[in-house]
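In: my questions are about this predicted structure, shown below with the sequence.
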2 protein chains.
Amino acid sequence: MDSLPDLAAVEAMDEADPLRIFRSRFALPAGVIYLDGNSLGAASHEVFAEVRQAAMEEWGNGLIRSWNSAGWFHLPLELGDRIGRLIGAAEDQTVVTDSTSVNIYKTLHAALAMRPDRNVIVAEGDSFPTDLYMAEGVVSTRPGVTLRLEGRDADTIEELIGENVAVVLVNHVNYKSGELRDMAALTRRIQAAGALVIWDLCHSAGALPVDLDGAGADFAVGCTYKYLNGGPGAPAFIYAAKRHHASISQPLSGWWSHARPFAFEQSFDGDAGIQRFLCGTQPILSLRALKGALSIWDEVDMNALRRKSIALTDLFIRLVEAKCGLELETTRDSEKRGSQVSFIHSNAYEVMQALIERGVIGDFRAPSTLRFGFTPLYVSYRDVWRAATVLEEILSSGSWKEARFAVRSAVT
Amino acid sequence: MDSLPDLAAVEAMDEADPLRIFRSRFALPAGVIYLDGNSLGAASHEVFAEVRQAAMEEWGNGLIRSWNSAGWFHLPLELGDRIGRLIGAAEDQTVVTDSTSVNIYKTLHAALAMRPDRNVIVAEGDSFPTDLYMAEGVVSTRPGVTLRLEGRDADTIEELIGENVAVVLVNHVNYKSGELRDMAALTRRIQAAGALVIWDLCHSAGALPVDLDGAGADFAVGCTYKYLNGGPGAPAFIYAAKRHHASISQPLSGWWSHARPFAFEQSFDGDAGIQRFLCGTQPILSLRALKGALSIWDEVDMNALRRKSIALTDLFIRLVEAKCGLELETTRDSEKRGSQVSFIHSNAYEVMQALIERGVIGDFRAPSTLRFGFTPLYVSYRDVWRAATVLEEILSSGSWKEARFAVRSAVT
């Protein structure tokens, strides 16, 4: 193993970083090392300009006319296709709309309707909970359908995939541990058993290359406010493989999912394409913030992003293990993790508070996880070195015992 | 009947208008008379300031910390209570979240679950269609439940209210004709038959005083981007009477509707209050625009608003009937209409295009409705006089026959 890099070596890594040009596009506050972009991505100057344009010019001056003249109606499809490039989805298969939770509900219903002779939903017991809560909500409306969980009803998803399974809802990257699933292999395994798969990409979209079409995935959902930097609570996305479009039904059949929304017909007749997954009118200012954020993503090489992500997380693991001796929760195998690193500490909450007070913003996850996200567009190698150094100082001095309990971050 | 007022008389009405102070709060473009605030309300300077603060300060500088420090998590309840004052809802009964369509789905499911021995949903055939599409979506998940429509299955809602009816979904003000229902009387009639009522307030919230608590209503939904001026596609609201909170279940059971969302529990346990109607993470920038808009509403006397609304619509009806001789679609009885006026013209689309080209922005509704909304906070009596004059000029000259077909407005 190489010797531990010193600050000069780390700064040389920044010098050689082809993605370092993106950092100036973001409006990061001075004195902050932001390792929580996997919870809420940073704001960019492009976003501010889009929001100002949408609010003051299009709404303020254009008023109702902007639904057409400013293309507001087309934002769900337009932004969906731009995200599609980042997740391996050819066009007309992705829309931006509603929340991840609502979109899980839609896709679970759609999948169950496509497998009427099956009655089991499989998910992961350690999923971010809203996935499980939405699955419970679907089960409550479908008598006979049950939910089985990895970690509760069997050790692995593979063991749960039997002939009664209609659909598997699975995270590409686990929100807490950062574990990365093999999308292509698991998709094959699920489909070989006659089931459908819904990939939750909340912690992988914008974090690493995703190839939904290449993996032959059926459905996917994900949020846009983490790595994609769309802004707090920005609308989520849905992907559905084109081969399924003719079969899609889902009960949130609002007017934006109608084949002819402006004919104002009395009865519902669903759109024949991906717009069948829309529902009601969407929040335009939040969509326009996302549009600004995606204008940066249009320029990003996802393979270069992944290389830097692995280099950042590898460096952080090496430095923290050498300097702090904490237990690593994330896998050491870079091929099997997303763009985040978690360490265990019995007083993780207090330690994270002390870090935040020192300007190093990561996240706490109950009961004992220190979670750090590495967003290659605006995190530098020097940030990593500095974060590890501050963590070492806090742990060796015991200063975390005096940390004020001011901030409890609460978004995944 | 009084003689038709001349311009001087109309200007005197503006002089005496106690609400004229609000107009300067809005960022209306020069040369435009905006009679489409019942489709998309106008932007205010307060909104721009809120959005700038939320984007640049709270997101840009506060980053993840702002979920707590800027109160983002509390916006659904905080804004709900502020809307509550305008719709006669005591606190803790209203939340702002998701779209009107999604909220109709939640409330219909909740009502059906409270009447398990009944299986009919009643709605209006001439409702804005998304209400009917969502009811169809609910029916698709509940075997045995049927949807019956006023105007298709019977002449009136009252005739449809039988012993099998679980819930009636009804508009307070009809989106096209402007007809205003008697909320208290119809609520009593529905409840006397053992059913529950969901009021759709899209075209009455912010248009006139609403008294949900006083009427003993069960549930209500509505949008915030029309009279409330929250911005394009701003999140919608749900009201549920407190007496029902312990009984509420609805299948969109996302993590924001959990009793302990940040405990990250594996199983769902719903909040015991109005937050049971939340679902997933909400679009904060759009919520903050709404917050700016509501800061104006906090100052408005709803009874003064209603008086001006009736005076504006009465004046428009008198002027248009005298000058243009068009057929009135809206009722002449001001007690039975909302804050809008519709006239019939066989070439309504072309006439509305000609009006818009002259700077008078109203709305067209198929097949032959010219719809004009009167928002007392920023529409003056002189605007009404000028709009009627331009309409007279367009009709008498026949200039609408040359109107360009540039803009087809498409939001209710």
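Out: Thanks, I have it.

In: lowest mean pLDDT among the helices and strands, pick that one out for chain A.
Out: Lowest on mean pLDDT, DSSP states H and E among the helices and strands of chain A sits strand A:363-365, with a mean of 92.

In: what's that one in contact with?
Out: A:36, A:38-39, A:175-176, A:342, A:348-349, A:352-353, A:370-373, A:408-409, B:64, B:264 (Cβ atoms under 8 Å, 6 or more residues apart in numbering or on different chains). In short, each C-beta sits where N, CA and C put it, glycine included.

In: strand partners of it, parallel vs antiparallel please.
Out: Paired neighbours of strand A:363-365 in the sheet (DSSP bridges): strand A:369-373 (antiparallel).

In: can I get the CA coordinates of the following helix or strand past the partner strand in CSV?
Out: Remark: after strand A:369-373, the chain's next helix or strand is helix A:381-397, criterion DSSP states H and E. Presented in CSV, the C-alpha positions along helix A:381-397 are these (Å, rounded to 0.1, in the frame of the first residue of the first chain):
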residue,chain,number,x,y,z
TYR,A,381,-9.1,16.4,-2.4
ARG,A,382,-8.0,19.2,-0.1
ASP,A,383,-11.5,19.2,1.4
VAL,A,384,-11.1,15.5,2.1
TRP,A,385,-7.8,16.0,3.8
ARG,A,386,-9.1,18.9,5.9
ALA,A,387,-12.2,17.0,6.9
ALA,A,388,-10.2,14.1,8.1
THR,A,389,-7.9,16.4,10.0
VAL,A,390,-10.7,18.2,11.8
LEU,A,391,-12.3,14.8,12.7
GLU,A,392,-9.0,13.7,14.1
GLU,A,393,-8.7,16.9,16.2
ILE,A,394,-12.2,16.5,17.6
LEU,A,395,-11.7,12.9,18.5
SER,A,396,-8.3,13.3,20.0
SER,A,397,-9.2,16.4,22.1
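
In: what parts of the stretch 151-300 of chain A come near chain B?
Out: Counting by Cβ under 8 Å from any Cβ of the partner chain, the stretch 151-300 of chain A comes close to chain B at A:152, A:223, A:225, A:231-236, A:249-258, A:261-268, A:279-287, A:289.

In: inside helices: which ones of the residues you listed?
Out: A:I284, A:L285, A:S286, A:L287, A:A289 (DSSP state H).

In: among those, who's most crowded?
Out: Highest neighbour count within these, by other Cβ atoms under 10 Å in any protein chain shown: A:A289, with 35 neighbours.

In: who's in contact with it?
Out: Applying Cβ under 8 Å, 6+ apart, we find A:A289 in contact with A:V47, A:E50, A:V51, A:G230, A:G231, A:A234, B:A55, B:L285.

In: quick check on those: which are buried?
Out: A:V47, A:E50, A:V51, A:G230, A:G231, A:A234, B:A55, B:L285 (16 or more other Cβ atoms under 10 Å in any protein chain shown).

In: neighbours of the spatially closest residue to A:Q250 that is not a sequence neighbour, how many?
Out: Spatial nearest neighbour of A:Q250, chain neighbours left out: A:K106 (4.3 Å); criterion: Cβ to Cβ, 6 or more residues apart in numbering or on different chains. Close neighbours of A:K106, defined as other Cβ under 10 Å, add up to 29.

In: separation between A:K106 and chain B?
Out: 10 Å (Cβ to the nearest Cβ, to the nearest Å).

In: moving C-terminal of the helix or strand harbouring that residue, what's the next helix or strand?
Out: Here A:K106 sits within helix A:100-114, counting by DSSP H and E. Sequence-wise, the next helix or strand downstream of helix A:100-114 (DSSP H and E) is strand A:120-124.

In: just checking: what are the partner strands of that next one?
Out: Per DSSP bridges, strand A:120-124 is paired in its sheet with strand A:146-150 (parallel), strand A:165-171 (parallel).

In: only alpha carbons, please: show that strand as CSV.
Out: C-alpha atoms of strand A:120-124 as CSV (Å, rounded to 0.1, in the frame of the first residue of the first chain):
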residue,chain,number,x,y,z
VAL,A,120,-45.8,-10.4,-3.3
ILE,A,121,-43.8,-7.2,-3.2
VAL,A,122,-40.2,-7.6,-2.1
ALA,A,123,-38.1,-4.8,-0.6
GLU,A,124,-35.1,-4.3,1.6
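
In: the next helix or strand after it versus strand A:120-124: what angle between them?
Out: Downstream of strand A:120-124, the first helix or strand assigned by DSSP H and E is helix A:129-141. Relative orientation of helix A:129-141 versus strand A:120-124 (axes from the mean of the first three to the mean of the last three Cα atoms, to 10 degrees): 170 degrees.

In: who touches helix A:129-141?
Out: The contact list for helix A:129-141 (Cβ under 8 Å, 6+ apart) reads A:100-102, A:104-105, A:108-109, A:112, A:121, A:123-125, A:145-147, A:149, A:169, A:171, A:200, A:251, B:109, B:141-142, B:249-255, B:257-258, B:264-268, B:280.

In: returning to that earlier point: please identify the deepest-packed of the strands paired with strand A:120-124.
Out: For those, average neighbour numbers computed from mean count of other Cβ atoms under 10 Å in any protein chain shown are highest in strand A:165-171, which has a mean of 24.

In: just checking, next helix/strand downstream of it?
Out: helix A:183-192.

In: just checking, what packs against the helix or strand just after that following helix?
Out: Going down the chain from helix A:183-192, the next helix or strand is strand A:196-200, by DSSP H and E. With contacts taken as 3 or more Cβ pairs under 8 Å, 6 or more residues apart in numbering or on different chains; DSSP states H and E, strand A:196-200 sits against helix A:100-114, strand A:165-171, helix A:183-192, strand A:219-222.
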